[in-house]
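Novice: sequence and predicted model, in that order:
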Amino acid sequence: MTGKEKIKGHPARYWKRDEDGRTVCELCPRECRLKPGQRGLCYVRAADEKGDLVLTTWGRSSGFCVDPVEKKPLYHFLPGTPVLSFGTAGCNLTCKFCQNWHISKASREDVIQREADPATIVRMARATGSRSVAFTYNDPVIFLEYAMDVADACHAAGLKTIAVTAGYISEEPRKEFFSKMDAANVDLKGFSEDFYRKLASGKLAPVLDTLRHIYHETDCWLEITTLLIPGRNDSEDEIRAMSRWIVEYLGPDVPLHFSAFYPTWRMQDVPPTPPETVMNARKWAMDEGLRYVYTGNIRDSVGQNTWCHECGTLLIGRAGYELTEWNLVDGGNCKVCGTRCAGVFEDKPGTWGARYLPVFPESFSVHEDG
């Protein structure tokens, strides 16, 4: 928690005062206890001068762009369609291997200079042809109030919403937050409490609770990503145990993405993940019963595609973020044998491709003078 300062922000939810009069943030398992003028570990939730909890990043972003939904990564949710993506700053985990550290580890306001209220974001999405709006780059859990307000505006306009998150959130806010999401990719960072404690200063159990809640208690489409770090979470035993847990508690149809680590942030002394490790992880996970397992950050012409688990037909071919093959009919059935492929599909895929389009909210703002 940072020292005392004059704090201003949007009223936050999920907090209380403890017996000592401190502000207790109940958004995530950390339950930061704050005096007036103090920020939580996430940096963006803070106690103002009256001791009320506020969100300091409501309506402010570190940047917007339109990119393919496959980049989230979501492979079974409206493939080929464009998604308007944005984040804010800060994070409620302290991952030493963070790939977006310049945003998630930011502790200065200068990374969130783009201002956009929910209505402006809807206009941006519609003007760019985006089918969805994604809360990403840093964890949307910590800007819950902003994300939920945007989600409400999106749904009113017929747009879908996507959360790219580590799932580190407490029970009550978890229910409200994911009830407003149409799809989520949850970063399951490892499968041991030791890994979460040492490398992320967090706990595994709340993330598993989030996964179970999304799958069983919501209509939110779920996919999972695990970044494989050499010597930390890439052993055959751990990957098989994680895969068995997913099959047992979530089912065989939840897509699982394994991606390769590259040295960054505070783990620049760790070598990149060998491609063989990622491909082996895919094999082990499928051996344990998962039907849709993908490889990322490596060249792998097999592991980036979607295959029918019944007859082996190539259902969706991919080259990076480009779709190269489409053999689904009737909104998601195998063209050859008719077996259903789990996911949210339409009769035809989108055609956005691998384009990356920066978008600036100032161009979409509506002023009082018209």
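Specialist: Perfect, I can see it now.

Novice: now for whatever helix or strand D152 lives in, which elements pack on it?
Specialist: Using DSSP states H and E, the element containing D152 is helix 144-156. Other elements packing on helix 144-156 under the criterion 3 or more C-beta pairs under 8 Å, 6 or more residues apart in numbering; DSSP states H and E are strand 10-11, strand 53-55, helix 118-127, strand 132-135, strand 160-165, helix 171-179. Where you see a C-beta, it was placed from the backbone N, CA and C, and this is true even at glycine.

Novice: any chance of the ones you listed in JSON lines, with mean pLDDT too?
Specialist: Formatted as JSON lines, those follow (pLDDT from 0 to 100):
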{"stretch": "strand 10-11", "mean pLDDT": "98"}
{"stretch": "strand 53-55", "mean pLDDT": "98"}
{"stretch": "helix 118-127", "mean pLDDT": "97"}
{"stretch": "strand 132-135", "mean pLDDT": "98"}
{"stretch": "strand 160-165", "mean pLDDT": "98"}
{"stretch": "helix 171-179", "mean pLDDT": "98"}
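
Novice: of these, which is nearest E276?
Specialist: Closest approach to E276 among the helices and strands packed on helix 144-156 is made by strand 160-165 (27.1 Å; C-beta to C-beta).

Novice: got the contact list for that closest one?
Specialist: With contact meaning C-beta atoms under 8 Å, 6 or more residues apart in numbering, strand 160-165 is reached by 69, 72, 74, 77-78, 83, 131-137, 139-141, 147, 150-151, 154-155, 177-178, 180-187, 220.

Novice: work out the gap between it and the centre of the chain.
Specialist: 6 Å (C-alpha atoms, centre = their mean, to the nearest Å).

Novice: again with stretch 127-138
Specialist: Using C-alpha atoms, centre = their mean, the offset of stretch 127-138 from its chain centre is 12 Å.

Novice: can you pull the buried residues of it?
Specialist: Applying a neighbour-count criterion of 16 or more other C-beta atoms under 10 Å, one finds T128, S130, R131, S132, V133, A134, F135, T136, Y137, N138 buried in stretch 127-138.

Novice: of all the residues you listed, which two lie farthest apart?
Specialist: Using C-beta to C-beta, the two most remote members of the buried residues of stretch 127-138 are R131 and N138, lying 22.5 Å apart.

Novice: and the strands in the stretch 151-300 of the chain?
Specialist: For the stretch 151-300 of the chain, the strands defined by DSSP state E, counting those that start in this stretch cover 160-165, 183-187, 221-228, 256-260, 293-296.

Novice: out of those strands, nearest to T210?
Specialist: That would be strand 183-187 among the strands of the stretch 151-300 of the chain, by C-beta to C-beta, at 6.5 Å.

Novice: list of residues touching that closest one?
Specialist: By C-beta under 8 Å, 6+ apart, the surrounding residues in contact with strand 183-187 are 72-74, 77, 132, 160-167, 178, 207, 210-211, 214, 220-227, 257, 344.

Novice: low-confidence regions, this structure specifically.
Specialist: 1-5, 101-112, 365-370 (pLDDT under 70).

Novice: residue nearest the centroid of it?
Specialist: Central residue of the chain (C-alpha atoms, centre = their mean): V164, 1.0 Å from the mean position.

Novice: residue contacts, D117?
Specialist: With contacts defined as C-beta under 8 Å, 6+ apart, D117 is in contact with G59.

Novice: that one and W352, how far apart?
Specialist: Distance, D117 to W352, by C-beta to C-beta, to the nearest Å: 26 Å.

Novice: what of T225?
Specialist: Applying C-beta to C-beta to T225 and W352 gives a distance of 21 Å.

Novice: so those two - more neighbours on which side?
Specialist: Legend: neighbour count by other C-beta atoms under 10 Å for T225 and W352, higher for W352 (24 against 21).

Novice: check which helix or strand the more buried one maps to.
Specialist: W352 belongs to no helix or strand, assigned by DSSP H and E.

Novice: need the helices for the stretch 251-370 of the chain, in chain order.
Specialist: All helices of the stretch 251-370 of the chain, identified by DSSP state H, counting those that start in this stretch, fall at 275-287.

Novice: follow-up on the earlier one: rebuild the strands of the stretch 151-300 of the chain as JSON lines, extending it with distance to G9.
Specialist: Formatted as JSON lines, the strands of the stretch 151-300 of the chain follow (distance: least, C-beta to C-beta, whole Å):
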{"stretch": "strand 160-165", "distance to G9": "21"}
{"stretch": "strand 183-187", "distance to G9": "25"}
{"stretch": "strand 221-228", "distance to G9": "30"}
{"stretch": "strand 256-260", "distance to G9": "34"}
{"stretch": "strand 293-296", "distance to G9": "36"}
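
Novice: of all those strands, which one is nearest A200?
Specialist: The closest of these to A200 is strand 183-187. By C-beta to C-beta, the value is 10.0 Å.

Novice: list the buried residues of stretch 224-233.
Specialist: I224, T225, T226, L227, L228, I229, R232, N233.

Novice: ok, R197 - contacts?
Specialist: Residues near R197 by C-beta under 8 Å, 6+ apart: K203.

Novice: in contact with I298, which residues?
Specialist: Contacts for I298 (C-beta under 8 Å, 6+ apart) come out as A260, P275, V278, M279.

Novice: re the thing from before, nearest to E193, of the buried residues of stretch 127-138?
Specialist: Using C-beta to C-beta, N138 comes nearest to E193 of those, at 23.8 Å.
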